[in-house]
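>>> whatever this is, show me its structure:
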Amino acid sequence: IKLKPVDVAIVGLGAAGGVAVLPLARAGLKVAGIEAGGWLDPHRDYHADEIHNNVRMLVTSVSKTKNEVPTFRTSPEQRASRATSNRTMMNAVGGTTTHYDANSWRFAPWDFKIRTDSVGRYGAAAIPRGSTVEDWPLTYDELEPFYDTVEYEIGVSGKAGNIQGEINPLGNVFEGPRRREYPMPPLRDTGFTSLMTSAAGKLGWNGHRSPAAINSQPYAGRSACAYHGYCDTGGCHLGAKNSTAVTTIPQALKTRNLTVVDHAQVTRILSDGQGRVSGVQYLRGGKEYFQPAKVVLLACYTYENARLLLLSKSKAYPKGLANNHGQVGRHYIAHWDGREISGLFPFDLNIWYGALAQGVVVNNWADDNFDHSGLGFIGGASLTVNHELHPIAAAAMPLFSRAPSWGSRWKRFVNQNAGRWVGVYAQCTSLPYENTYLDLDPEAKDPLGDPVCRITSGPK
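This is a model prediction of the structure:
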């Protein structure tokens, strides 16, 4: 079924597509936002339930992402197998911004010119062997006005550390210059965040509050955070978590230039005989549609973006859309993170409530904020301690060599200490490598019979 042409067809209405619809619609362009999921009802679909949210990951409107779990291998010689970890991606209007943690960092100026800055400071040998890292074609300063616009449009809570060159130690002193303060102050302080900020200061570290796309006070007609403790992988029934489903998408709909096409699975991006993209093909309600468009904005998650491009073959693009040089899916940058260090305290920390983005961050070892001479690597990690530790996750605590892993002694230890420990989260620098890439798995298929995405990532 061929539909009426639009100016822009956006595939995916999450963090990227859900933001992009607003300036496009305000500019008078006709936009079709095509989303595999549907609208979620905060009062019906959101639950203060660790099993529902974090274990079974049921905050989603359809199971599309669960049916397309990528396969994984560590070398091209291996046969890939389905990834075993739960996926935190979901399908709905608002996408993963519906149930994400709402941490809202900007990239640092160094992120945009890693190669130039690293080679200039440490020499060409500083670039890791096999890494394909390149400078961005734009700088932090060029992007800063757009960071500012988005932060004020959706609402972000935080404390600036660098306003037009003026440094404030209460914020991130390593951040790039900002034009103004955050729209809202940080999420509320607690005994735990005060303790962590004070400890960082005594060690000479710049501990600052995590910026969060969560209302610390009423903002744009939406409530402030209630700190009830079920923000991580859960939707916000108050609308205090600033998902695109409650911020930019509703505002774009008011212009009457945006049409949301929900429960629609895009299967191909089509192009004409000259190789110019002409629109998208999608399935909805058992029927197939073609949405003609002057421009197609691909705004899914990384795996689905690459998969759709590779699936969209034509005479002009026999190896997939934009893949005549074999670069689609290459230079894949993974997300390296984890709770690297844990600490046990002699008192309750009271971090079971609040929001995961309600934390204290140290950036002294992130990016190029310290001298890497002779260390053999570039980049680093930001370190964060935060609130929101649910009972099941708390009971899976490290034992600190003080108890066995099962039995009555283990139960007594957990009973006493489940509220007394915290893990330090490391958000690490990730670089692209020749041996880390995405392609189509020749064996594993989704329910439509299309190949799923295959991740290759392993030792050099």
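>>> helix or strand with the lowest mean pLDDT in the chain?
Here the helix or strand of the chain ranked lowest by mean pLDDT, DSSP states H and E is strand 337-344, holding a mean of 89.
>>> could you name the helices and strands sitting against it?
Using 3 or more Cβ pairs under 8 Å, 6 or more residues apart in numbering; DSSP states H and E as the contact test, the elements touching strand 337-344 are strand 421-428. C-beta here means a position set from N, CA and C on the backbone, and glycine is covered the same way.
>>> give me the angle between the strand it packs on and strand 337-344.
150 degrees (axes from the mean of the first three to the mean of the last three Cα atoms, to 10 degrees).
>>> any idea how far the helix or strand following strand 421-428 is from the middle of the chain?
Going down the chain from strand 421-428, the next helix or strand is strand 437-445, by DSSP states H and E. Put simply, strand 437-445 sits 23 Å off its chain's centre (Cα atoms, centre = their mean, to the nearest Å).
>>> okay, the angle between the helix or strand that strand 437-445 is followed by and strand 437-445?
As assigned by DSSP H and E, the chain's next helix or strand after strand 437-445 is strand 451-456. Direction vectors for strand 451-456 and strand 437-445, defined by the same axes, to 10 degrees, enclose an angle of 130 degrees.
>>> what are the pairing partners of strand 451-456, and which direction each?
Using DSSP bridges, the strands paired with strand 451-456 are strand 71-73 (parallel), strand 437-445 (antiparallel).
>>> which residues touch stretch 156-166?
104, 167-187, 206, 208-216, 242 (Cβ atoms under 8 Å, 6 or more residues apart in numbering).
>>> thinking again about what came up before, what's whichever helix or strand comes after the least confident helix or strand of the chain packed up against?
Using DSSP H and E, the next helix or strand after strand 337-344 towards the C-terminus is strand 359-362. In terms of contacts (3+ Cβ pairs under 8 Å, 6+ apart), strand 359-362 is packed against helix 191-202, strand 207-209, strand 381-386.
>>> which of the ones you listed is buried the deepest?
Most buried of these by mean neighbour count (mean count of other Cβ atoms under 10 Å) is strand 207-209; its value is a mean of 25.
>>> correct me, but residue 234 touches residue 53?
Yes: using Cβ atoms under 8 Å, residue 234 makes contact with residue 53 at a distance of 4.1 Å.
>>> any idea which of the helices and strands packed on strand 359-362 gets closest to residue 14?
In terms of Cβ to Cβ, the element of the helices and strands packed on strand 359-362 nearest to residue 14 is strand 381-386, at 22.9 Å.
>>> by contact count, what packs against the helix or strand just after that closest one?
Remark: after strand 381-386, the chain's next helix or strand is helix 391-395, criterion DSSP H and E. In terms of contacts (3+ Cβ pairs under 8 Å, 6+ apart), helix 391-395 is packed against helix 50.
>>> run through who's touching the helix it packs on.
230, 390-393.
>>> look at the most far-flung residue of the chain relative to its centre and report its pLDDT.
Of all residues in the chain, residue 408 has its C-alpha farthest from the mean position, at 39.9 Å, by Cα atoms, centre = their mean. Predicted confidence (pLDDT) for residue 408: 97.
>>> now it: how far from residue 414?
Residue 408 is 11 Å from residue 414, where distance means Cβ to Cβ, to the nearest Å.
>>> and what of residue 290?
Taken as Cβ to Cβ, the span from residue 290 to residue 414 is 57 Å.
>>> do residue 92 as well
Taken as Cβ to Cβ, the span from residue 92 to residue 414 is 35 Å.
>>> more crowded one of those two?
Neighbours per residue, other Cβ atoms under 10 Å: of residue 92 and residue 414, the larger number sits with residue 92, 26 against 16.
>>> element containing the residue lying closest to that one once chain neighbours are set aside, please.
Excluding its sequence neighbours, the residue lying closest to residue 92 (Cβ to Cβ, 6 or more residues apart in numbering) is residue 37, at 3.9 Å. For residue 37, there is no host helix or strand (DSSP H and E).
>>> list the contacts of residue 37.
60-62, 64, 90-93, 95, 262-263.
>>> of those residues, closest to residue 423?
residue 90 (24.3 Å).
>>> returning to that earlier point: between the strands paired with strand 451-456, which one is nearest to residue 148?
strand 437-445 (32.1 Å).
>>> can you list contacts of that closest one?
So strand 437-445 is contacted by 70-71, 79-80, 82, 302-303, 306-307, 310-311, 329-332, 451-457 (Cβ under 8 Å, 6+ apart).
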